[in-house]
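> return a 3D structure for these sequence lines:
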Amino acid sequence: MIGVSHIGDLSFYKSVQQRLDAADLVLFEGVGWGDGPPKAKPGKTAGVGELQDSLANSMGLVFQLRAIRYDRPHFRNSDMSLRAFTDSLSGNKSKLGNNADGEVVSGKPGKVARKGKDDLAAQEMMRALSGDSIVFSFVSGALNIFGKSPKFRGLMKLAMVETLGSLGGDVSTLAKAAGPGMEKFMRIALEKRNAIVIKDLEKILKDKEGYGDVVVFYGAAHMLDIERQLSEKFGFASVGEKWLPAFGVNPKEAGLSTLEVNLVRNMIRTQIGRLKKRAPD
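Prediction:
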């Protein structure tokens, strides 16, 4: 299991790539990707990718899709099709497998034929994924402008480190606190997509395909649930772990005072603490 940060230092992704290339099989995430990430115009990404790319650039980091090479014969997409993802958001039943429904072309999801009235959440998600979002464009532009300041980069890195550290890898509690809509989205984004990975692993083990070293390569937020299912369904047990620094921040080099560092830390920890208390049991 390799739980990855979607933005980080280039050296971090080089270490991850070495581990992935040494495996017999890599099951990777990517809604609607098929055999690999969508092909976009050089230097451009779309939708969520555009926002993550801008976020990475604003902190002097790189976006995962720009750093990791997926063009390997032993890499296999193990995720939901785009149609299954949007159907899940709107409550429609659809096959969850990583088929070609909603095929990605030129970096944008293809149009998905739907029956009945589209659910608002599904429409918004489709707009975001295709890059057709004023908010995404505005935020991306703002990040590109402010990211030129070393101090801003330092503040952004510090905020990310404190946020991820306070969450401890479990985003489900915050999703519940944010309301039913976000809870539903996170349940689909995490649990239903994880079910695809478990299904693929079950088939590999059943068919005895001969892979000696299989890597599940997903975002770090997926790992708690995947590890639980590996233990409960297959009887696997963890034999160790290794942590790689995705990125860090030196407050002094970034021009941040002790007061500024403490303000950011206390603000984030307080807000996350309040959200956790609001989350229903």
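
> what about the strands in this protein?
Counting by DSSP state E, the chain has strands at residues 2-4, 7-8, 25-28, 62-63, 75-77, 104-105, 108-109, 214-219.

> so which of those is the most packed in?
Highest mean neighbour count of these: strand 7-8, a mean of 24 (counted as mean count of other Cβ atoms under 10 Å). Where you see a C-beta, it was placed from the backbone N, CA and C, and this is true even at glycine.

> now that one: mean pLDDT?
For strand 7-8, mean pLDDT is 90.

> within its sheet, name the partner strands of it and how each one runs.
With DSSP bridges as the test, strand 7-8 is paired with strand 62-63 (antiparallel).

> run through who's touching the strand it pairs with.
With Cβ atoms under 8 Å, 6 or more residues apart in numbering as the test, strand 62-63 has contacts from 6-10, 13, 45, 49, 52-53, 55-57.

> using JSON lines, lay out the strands of the chain together with distance to Arg19.
Shown next, in JSON lines, are the strands of the chain (distance: least, Cβ to Cβ, whole Å):
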{"stretch": "strand 2-4", "distance to Arg19": "6"}
{"stretch": "strand 7-8", "distance to Arg19": "14"}
{"stretch": "strand 25-28", "distance to Arg19": "9"}
{"stretch": "strand 62-63", "distance to Arg19": "17"}
{"stretch": "strand 75-77", "distance to Arg19": "13"}
{"stretch": "strand 104-105", "distance to Arg19": "26"}
{"stretch": "strand 108-109", "distance to Arg19": "30"}
{"stretch": "strand 214-219", "distance to Arg19": "7"}
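
> out of the ones you listed, which comes closest to Pro37?
If you check each of the strands of the chain against Pro37 by Cβ to Cβ, strand 104-105 wins as the nearest, at 8.4 Å.

> still on that earlier bit, just the buried residues from the contacts of strand 62-63, in PyMOL please.
Buried residues among the contacts of strand 62-63 (16 or more other Cβ atoms under 10 Å), as a PyMOL selection:
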select buried, resi 6+7+8+9+13+45+49+52+53+55+56+57
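
> let's have the contacts of strand 62-63 in TSV, adding distance to Arg193.
Below are the contacts of strand 62-63 laid out as TSV (distance: Cβ to Cβ, whole Å):
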residue	distance to Arg193
His6	14
Ile7	20
Gly8	21
Asp9	26
Leu10	27
Tyr13	22
Thr45	20
Gly49	17
Gln52	17
Asp53	22
Leu55	22
Ala56	22
Asn57	27
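
> nearest to Arg274, of the contacts of strand 62-63?
Taking Cβ to Cβ as the measure, Arg274 lies nearest Leu55 of the contacts of strand 62-63, at 24.1 Å.

> residues near the nearest residue to Lys233 once chain neighbours are set aside, how many?
Once flanking residues are discounted, Lys233 sits nearest to Ile198: 6.6 Å by Cβ to Cβ, 6 or more residues apart in numbering. Residues contacting Ile198 under the criterion other Cβ atoms under 10 Å number 18.
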